[in-house]
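# Generate coordinates for the sequence data below:
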Amino acid sequence: MKSLEELKKEVFDKLSQFPKLEAFFKDSLEERMKVDDYWTENALVHCALVGISEDHPLLVLINSIYDDEENFGILKKKLTPKDDYDRKMHDVLAELNGYHQLKESGFDAIEAIQKDIDQKRPDFSAELDGKPYLFEVKNMRSPIDLFNILLDKYYARKLICPDIYSKVFIHFKASTTWRDVRFNPREPDELYHKTDGWLATTFQTIESADVKSMDLQPFEAMFKGEKMRIRCLLEKGKSLGMIFGFDRGLCLSDPVNRKNLLYPFAKKIIAKVGEGMDQLLEFGSSNDSKKCVLINWQKSGDLPMFFNKECVAIVEKVDHLIKNISENLFVRLLNHHTLP
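Next up is the predicted model:
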């Protein structure tokens, strides 16, 4: 088992190998680690400890903005340890991706817009062929929010106890009704902390017992008047892997299974686009600038290609629908659609 101090040293040793990455993240990450011990769930910590190569996507994004001193500084300042740092990390990475895509698409005069307490503001302004644009970047994690926290907690424990978790296979089965639960600190405290506590107990059991095969204590809670349950089966001696909700090899062409995956994605896209449009329209109410919501999608690597194509199609249909509001409004999926 590794201590937190050993992990900290390892993280910063890895970051020091990439000076540009270190310049952007080190100061805020050091302050974040002073807040609480949940920093082991941070996206950058995982990235650093798993290994960063010279062609890693994160380095591509940092290299893209590094020589732009003003925009580099503005995005760096958004990483404030006292403001839900681990969630904000995902949002800042999405904005770095947005900046990179704008630069790659030939936009110039790109400016990261500093936030104002009294007015909603988009993330970027830019120009293309002399025409002004405003951009709001919205980040989406995998469609089924419940599984995000399960993965985060699991990978955090794997960093601390790599030997143990390299030998176990964990399979969480959850009711599909849980897909509407957004597990983060903004949920009711009782529900969030109960889930967090159950996971802590589950991992303590795994780490303290020499089990070969057993059912771990199930999780039960009330949500929207319904009692829901998560069952966790632990098996030792199988290949490492995590399965959440759906078995590998499941035929996703089945209408029910497609609905279970596509419905939460479509629901979240509509919400994110609505938030983005509010910020764009409040800041630039005139039609002088074209306005675009850029969706950054952190999808699960296990999703099949056809599902990826269907999600792109959903974004395109949403873009088509908002043209009824204004021809100058756009929705684009970063890394999938050309800009603008």
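# got any ranges where this structure has weak pLDDT?
Residues of the chain meeting the criterion pLDDT under 70: 117-118, 142-148, 169-192, 209-216, 222-257, 260-261, 284-287, 300-305.
# quick one: the residue nearest the centre of it and residue 106, what's the gap?
Centrality entry for the chain: nearest residue to the mean C-alpha point is residue 141, 3.9 Å, by CA atoms, centre = their mean. From residue 141 across to residue 106, the span is 29 Å (CB to CB, to the nearest Å). From N, CA and C alone the C-beta is placed, and that goes for glycine too.
# got it, and residue 112?
18 Å.
# Show me which of these two is the more surrounded one.
residue 112 (23 against 10; other CB atoms under 10 Å).
# for the more buried one, what are its contacts?
Contacts for residue 112 (CB atoms under 8 Å, 6 or more residues apart in numbering) come out as 70, 71, 74, 75, 95, 99, 123, 124.
# Kindly reformat those residues as a markdown table containing secondary structure and neighbour count.
Formatted as a markdown table, those follow (DSSP: H, G, I helix; E, B strand; the rest coil; neighbours: other CB atoms under 10 Å):
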| residue | secondary structure | neighbour count |
| --- | --- | --- |
| 70 | helix | 9 |
| 71 | helix | 19 |
| 74 | helix | 18 |
| 75 | helix | 20 |
| 95 | helix | 25 |
| 99 | helix | 25 |
| 123 | coil | 25 |
| 124 | strand | 21 |
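# How is this protein divided into domains?
The chain breaks down by automatic domain parsing into domains covering 4-104, 105-143+251-340, 145-244.
# now do the same end-to-end measure for the second one.
Yep, that's domain 105-143+251-340 we're talking about. 8 Å (CA to CA, to the nearest Å).
# gap between that domain and the chain center?
15 Å (CA atoms, centre = their mean, to the nearest Å).
# Stretch 98-114 now?
21 Å.
# Between the two ends of it, how far is it?
Start-to-end, stretch 98-114 (CA to CA) is 15 Å.
# Next, the buried residues of that stretch.
98, 99, 100, 101, 102, 103, 107, 110, 112, 113 (16 or more other CB atoms under 10 Å).
# Show me what the host helix or strand of the fifth one is packed up against.
This means residue 102. Using DSSP states H and E, the element containing residue 102 is helix 85-104. Helix 85-104 is packed against helix 19-33, helix 43-50, helix 57-65, helix 69-77, strand 108-112, strand 124-128, strand 131-140, strand 290-297, with contacts defined by 3 or more CB pairs under 8 Å, 6 or more residues apart in numbering; DSSP states H and E.
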